[in-house]
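Participant: kindly generate the corresponding structure for this input.
(chains A and B)
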Amino acid sequence: MTLASSDPRAAWLMRLGDASLILGHRMTEWLSRAPTLEEDIALANFGLDLIGQTRALYTRACELEGGTRDETDLAYRRAEPDYRNPLLVEQPNGNFADTMARHLLFAAYATPLYESLASSNDAETAGIATRSAREMAYHLRHAGEWMIRLGDGTAESHAKAQAALTDLWPYVPELFEADDLDREVAASGFGVDPSTLRGAFDAAVDDVLARATLKKPAERFGQRGGKGGRHSEHLGHMLAVLQALQRAYPDARW
Amino acid sequence: MVNVVESALENLGDSADAVADRAQRARLQEAARAAAARVTDPEVPVLTIDDLGILHDVAIDDTGRVTVTILPTYSGCPAMGVIALGIETELMKDGFADARVRLTNAPAWSTERMSEAAREKLRATGISPPERVSGKRALFAPSAAVGCPRCGSSETERISEFGSTACKALWRCRACREPFDHFKCI
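Facilitator: Residues are numbered from 1 along each chain as shown, chains lettered A, B, ... in the order given. Coordinates of the predicted model:
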């Protein structure tokens, strides 16, 4: 696998940025379609936080790389194999339970990730992670509360929440599988080895599922590839929308 | 004021007297800081960037160029661009023609950087200020008491974790029945 950047620190930050960009874009697809006005605003805020975090991560990655590219190049001028997000975040929004289940899983992974990255040996990265961890804690609570409400709600909402978890669980292992790049940046004190985050993830998710009367799906197999640039069909369709303006009008500015 | 600053900037570093030169630079730095500190947050105009703890550092070099360092707040806050433009404009008004704004994530901004005066101004404008504790708390632990900014009651409840801007959540008071914004604690 070739890295997304010649600098391993930049390649690793870009991977984090790709995950938050793709999930952030998924949130924008909910605008004006959420079940209530408050929830529409909440989902928009999810997207705003995630895309804001992406900008900071991409900008720092480009600085570390040497400044030949910027955040716009990374977000709008790359093709599917250049994106290194885990497959979970590119899964379609589905119904409201699908979106909340996906968000619970991501936030339960991202919160301890950023908490740990807050002690990076790169002060800028540590600062970005410090703020992001506090923001993701809000996401975790909000998605968790919804999963409890749906799981412990009506028979229909329970069934949909359980089905969402079962469908998405195969994408969980990839979040925590460390590859050479993860190990390299963790060893240098810059980044975090994701395999160290599984305990915190399980504790948060188990707490929510118990309150929600939902069953934790068995982890029989894992779908993986996104972190290496091998994606599901969904990503290309999403990028076609995300990048349409820059593709049609290259270098367009506000 | 403008003329004084302009001529002082022109002579910066020219003096043979190092002590006088340092004093002059300190005065200019002070003036530049005061100009930058006037800029308000476009989303919460009662607060200046100094109140919010966004204004981190103001430096001036031998050529008279002013560098203002600010701390970005919430990741999704779209106000940073407007704030940077505001800083350049205010500095220009006071005679600092060569100014640039730099963003840094180190140290990380937090609501703990807000001054007590800022919290009072928020309350007066109907926004409940952030709790004093930022950072980690148990996932479903009850949040610290959020007082109603209108009647002061602590009989309040959260309507939505997310509100009209990236920095606010929506609450309501059970005593006076008024809904209000609460500044999110990060």
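Participant: where does residue B:159 land in three-state SS?
Facilitator: Using DSSP: H, G, I helix; E, B strand; the rest coil, the structure places residue B:159 in strand.
Participant: so who does the residue nearest to it when sequence neighbours are not counted touch?
Facilitator: Leaving aside its sequence neighbours, residue B:159 sits nearest to residue B:170 (C-beta to C-beta, 6 or more residues apart in numbering or on different chains; 4.4 Å). C-beta here means a position set from N, CA and C on the backbone, and glycine is covered the same way. When contacts are counted by C-beta atoms under 8 Å, 6 or more residues apart in numbering or on different chains, residue B:170 touches A:38, B:158-160, B:162-164, B:179, B:181-182.
Participant: which SSE is residue B:170 in?
Facilitator: Secondary structure from DSSP states H and E places residue B:170 in strand B:168-173.
Participant: mind listing what's buried in that strand?
Facilitator: B:168-171, B:173 (16 or more other C-beta atoms under 10 Å in any protein chain shown).
Participant: nearest residue to residue B:179 other than its sequence neighbours?
Facilitator: residue B:172 (4.5 Å).
Participant: per-residue confidence for the one you found?
Facilitator: pLDDT, residue B:172: 93.
Participant: dump the residue contacts of it.
Facilitator: B:156-157, B:159, B:178-180.
Participant: got the residues of chain B near chain A?
Facilitator: Within chain B, the positions lying close to chain A (C-beta under 8 Å from any C-beta of the partner chain) are B:72, B:74-77, B:104-110, B:134-137, B:139-140, B:159-164, B:166, B:170, B:184-186.
Participant: where are the low-confidence patches of the chain?
Facilitator: With no chain named, the answer covers chain A. For chain A, the stretches flagged by pLDDT under 70 are A:1.
Participant: can you look at chain B instead?
Facilitator: In chain B (pLDDT under 70), the answer is B:1, B:15-16, B:133-139, B:141-144.
Participant: please enumerate the helices of chain B.
Facilitator: B:2-10, B:18-36, B:80-93, B:116-124 (DSSP state H).
Participant: what residues does the first one touch?
Facilitator: So the one you mean is helix B:2-10. Residues contacting helix B:2-10 (C-beta under 8 Å, 6+ apart): B:24, B:27-28, B:31, B:64, B:93-97.
Participant: ok, and the most crowded of those?
Facilitator: Within those, residue B:96 tops the neighbour count with 26 neighbours, counted by other C-beta atoms under 10 Å in any protein chain shown.
Participant: show me what contacts the spatially closest residue to that residue that is not a sequence neighbour?
Facilitator: The shortest distance from residue B:96 to any non-neighbouring residue, by C-beta to C-beta, 6+ apart, is to residue B:66 (4.9 Å). Residue B:66 makes contact with B:32, B:58-60, B:91, B:96, B:98-100, according to C-beta under 8 Å, 6+ apart.
Participant: would you turn the helices of chain B into a markdown table with distance to residue A:65?
Facilitator: Putting those into a markdown table (distance: least, C-beta to C-beta, whole Å) gives the following:
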| stretch | distance to residue A:65 |
| --- | --- |
| helix B:2-10 | 36 |
| helix B:18-36 | 31 |
| helix B:80-93 | 23 |
| helix B:116-124 | 38 |
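Participant: right, so the ones you listed: which one is the most enclosed?
Facilitator: The highest mean neighbour count among the helices of chain B, using mean count of other C-beta atoms under 10 Å in any protein chain shown, belongs to helix B:80-93: a mean of 18.
Participant: please flag which of the contacts of residue B:170 sit within strands.
Facilitator: B:158-160, B:179, B:181-182 (DSSP state E).
Participant: now these: which count as buried?
Facilitator: Using 16+ other C-beta under 10 Å, the buried ones in those are B:160, B:181-182.
Participant: helices along the stretch 101-250 of chain A, start to end?
Facilitator: A:123-151, A:155-168, A:172-176, A:180-187, A:198-212, A:233-242, A:244-248 (DSSP state H, counting those that start in this stretch).
Participant: tell me the buried residues in the third one?
Facilitator: Taking 16+ other C-beta under 10 Å as the basis for neighbour counts, the residues of helix A:172-176 that come out buried are A:172, A:174-176.
Participant: now distance to chain B too, for those, in JSON lines please.
Facilitator: Below are those laid out as JSON lines (distance: C-beta to the nearest C-beta, whole Å):
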{"residue": "A:172", "distance to chain B": "18"}
{"residue": "A:174", "distance to chain B": "24"}
{"residue": "A:175", "distance to chain B": "18"}
{"residue": "A:176", "distance to chain B": "19"}
